[in-house]
Structures are given as C-alpha cells and as structure tokens.
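[1] this is the structure alone, sequence omitted:
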C-alpha cells in the first residue's frame, strides 16, 4: 500500500476550546472531524488525479491509522491503493523513464523491460495529492468545524447520565 503524501495543517484556532474535552468524547469528536476534513481532501485528490484510465482516481481513499493514533491524537491518511494503481507515485512525483513504453489496444500502458531508451528522459509529475491539500484546506477546515458542531451535542447527549432517583 502506498504511503501517500504527508501534510499537517494548523487547526489550533479552529479547534480552540476543544482541548478541554478529554477521554472518549474527545476521541470520538476528533475522529468525526477528521473524517469530515479528510473526505474533502480525498475528494479533491480524486478530482485532480490523472484521468487516463481512471484507475488512480478510483483507488484514492481515506483511512484511519490506528498505529499512529492514540488518546491525544488521531491520524488519517489519504492515499491510493497501490495494488489497483501501482504507479501512483510516478504521477505524484515524476520519474525517469528508462525503457520504451507503449499503450496497448486495451488502453493500458506497458513497459518493454528488454528495450532501454538510448537516453533516459524525465517524465514530469502530475501531482494530485499535494495540490489537493493546498486547494481544499479551507473547505476541509470548514467541514471539520461543521461536523464538530453537529457531533458534539450528540456525544454529550449520549453520555449524559441523569441523577439517580434513589437520593431524591
């Protein structure tokens, strides 16, 4: 699986006051807001992905990273399925083409491993993740805030324990 592109956004001003929340409510709220924000980034990356065969765009997904998340932080990745679109990194970062390639009658590109180019050539990048983070930053932040405003009352309502009537 591709690791994708790492980006950090300073959302401290948008999320001021949320640092007073602790425990499961804070984690659930952060995850809800992370999904809302990540969905905007993912969808933007899909729009920007090269459309030659559609495989790359359809393989882009948002995933929770359990091994990178803890009680203080939740992490999501936007990346692509490398089995479905194994050359996504070549599109994102560019690459040196060292062998002859051709487009088959099925519409897929193929490399002739026994036919090197006389002179390798640089194939420029057609980035889709990096620009998605730049172009969608404000929309993603707004989506996270909107989802937080919707989700927080739900979480507080679900955890509210009425007083025990035995003491009345």
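    The structure has been received and is ready for your questions. Just so you know, these numbers come straight off a predicted model, no measurement behind them.

[2] list the buried residues in the helix or strand where residue 41 lies.
    With elements delineated by DSSP states H and E, residue 41 resides in helix 23-48, which encompasses its position. Within helix 23-48, the residues that count as buried by 16 or more other Cβ atoms under 10 Å are 26-30, 32-46, 48. Bear in mind the C-beta positions are built from the backbone N, C-alpha and C, glycine included.

[3] where exactly do the strands run in the protein?
    Secondary structure of the chain (DSSP state E): strands at 60-64, 76-80, 95-103, 109-123.

[4] among those, which comes closest to residue 130?
    Minimum separation from residue 130 across those (Cβ to Cβ) falls at strand 76-80, 11.1 Å.

[5] pairing partners for the closest one, with directions?
    With DSSP bridges as the criterion, the sheet partners recorded for strand 76-80 are strand 60-64 (antiparallel).

[6] need the mean per-residue confidence for the partner strand.
    In this model, strand 60-64 has a mean pLDDT of 96.

[7] so where's this protein shaky on pLDDT?
    Screening the chain residue by residue with the criterion pLDDT under 70, one finds the ranges 1-21, 160-168.

[8] ok, now with 80
    Low-confidence segments of the chain, defined by pLDDT under 80, span residues 1-23, 52-54, 71-72, 158-168.

[9] just want the most central residue of it.
    Within the chain, the residue whose C-alpha comes closest to the C-alpha centroid is residue 78; the distance, by Cα atoms, centre = their mean, is 1.9 Å.

[10] how much space between it and residue 31?
    Distance from residue 78 to residue 31, counting by Cβ to Cβ, to the nearest Å: 15 Å.

[11] now do residue 158
    Shown here: residue 158 relative to residue 31, a distance of 14 Å by Cβ to Cβ.

[12] repeat for residue 130
    Residue 130 sits 25 Å away from residue 31 when distances are taken as Cβ to Cβ.
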